[in-house]
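In: Requesting a structural model of the entry that follows:
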Amino acid sequence: MVGEIKKRGVMFVLSSPSGAGKTTIARRLLEENRDLKLSISVTTREKRPSEVEDRDYRFIKKNEYDRMVERGELLEHAEVFGNYYGTPKDPVEDALVSGKSVLFDIDWQGAEQLRTAMPDDVVSVFILPPSRKELESRLRRRAEDPAEVVKARMDKASGEIVHWNDYDHVIINQDLETAIKEVTGILTGASTKRERQPGLEKFVASLLKE
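Out: Modelled structure (predicted):
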């Protein structure tokens, strides 16, 4: 019988322009992978009707956010559309040490900061829409943002898409189920790399003694 092999989780980053599908893909990954947990970002923006506290975000006031930045408690932080977002550091490190991988649903700015803070632990995936027309259609079908916010997100999309080349992997989300399978494969491959399993040396030594 194979015992529990000590592992170190990965910081699994998903980024995309708003509406390209990263949040939907992220939720499916979490449902289907027991060793994957979501990094819960803090944000100063108002909660949307479909969102749940401590599942989608931790919603805080700006003064609390500022204190976290000042104390160095955030791995990454950024302003997006006049609101502020950040990733608390301690829960991420605790998860990695325990062998859990951590999923990040963040933009390219956040991904860049994570790579700077913990380069050996980050695996990044950029999700592209099949077309700009489909991207706008998905934003409008979501029906959670007013028309002016949809327009702002479309205007911002090009500035996000140009960063595709900074990522380890790129997926075009033409078909959701296919995209989920492709992203799952990337996660599995990253999690089973030799360097993510420091317990393998001891395990192999035990095999050689048998």
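In: For the rest of this, base every contact and every neighbour count on C-alpha atoms.
Out: OK.
In: Quick check: which ranges of the protein have low pLDDT?
Out: Residue ranges of the chain with pLDDT under 70: 1-3, 136, 140-146, 150, 152, 155.
In: what ranges do the strands span in it?
Out: In the chain, the strands defined using DSSP state E lie at 11-15, 36-38, 42-43, 58-59, 74-80, 83-88, 101-105, 122-128, 169-172.
In: tally of neighbours for the residue nearest to Q197 when sequence neighbours are not counted?
Out: Closest residue to Q197 apart from its sequence neighbours, by C-alpha to C-alpha, 6 or more residues apart in numbering: K7 at 4.3 Å. The number of residues packed near K7 is 22, by other C-alpha atoms under 10 Å.
In: And E79, by the same measure?
Out: Neighbours of E79 (other C-alpha under 10 Å): 12.
In: from what I can see it touches Y85, true?
Out: Yes - counting by C-alpha atoms under 8 Å, Y85 is a contact partner of E79 at 6.4 Å.
In: picking that back up, hmm, the residue nearest to Q197 is touching S98, no?
Out: Yes - taking contacts as C-alpha under 8 Å, K7 lies within contact range of S98: 7.5 Å.
In: residues touching L38, list them.
Out: 30, 102-104 (C-alpha atoms under 8 Å, 6 or more residues apart in numbering).
In: now the residues you listed: which count as buried?
Out: Neighbour counting by 16 or more other C-alpha atoms under 10 Å classes 102-104 among the contacts of L38 as buried.
In: Adding distance to I186, write these out as a markdown table.
Out: Listed next are the buried ones among the contacts of L38 as a markdown table, based on distance: C-alpha to C-alpha, whole Å:
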| residue | distance to I186 |
| --- | --- |
| V102 | 14 |
| L103 | 13 |
| F104 | 14 |
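In: Show me what S124 is bridged to.
Out: With DSSP bridges as the criterion, S124 is bridged to V13.
In: quick revisit: which one of the buried ones among the contacts of L38 is nearest to T44?
Out: Closest approach to T44 among the buried ones among the contacts of L38 (C-alpha to C-alpha): F104, at 17.7 Å.
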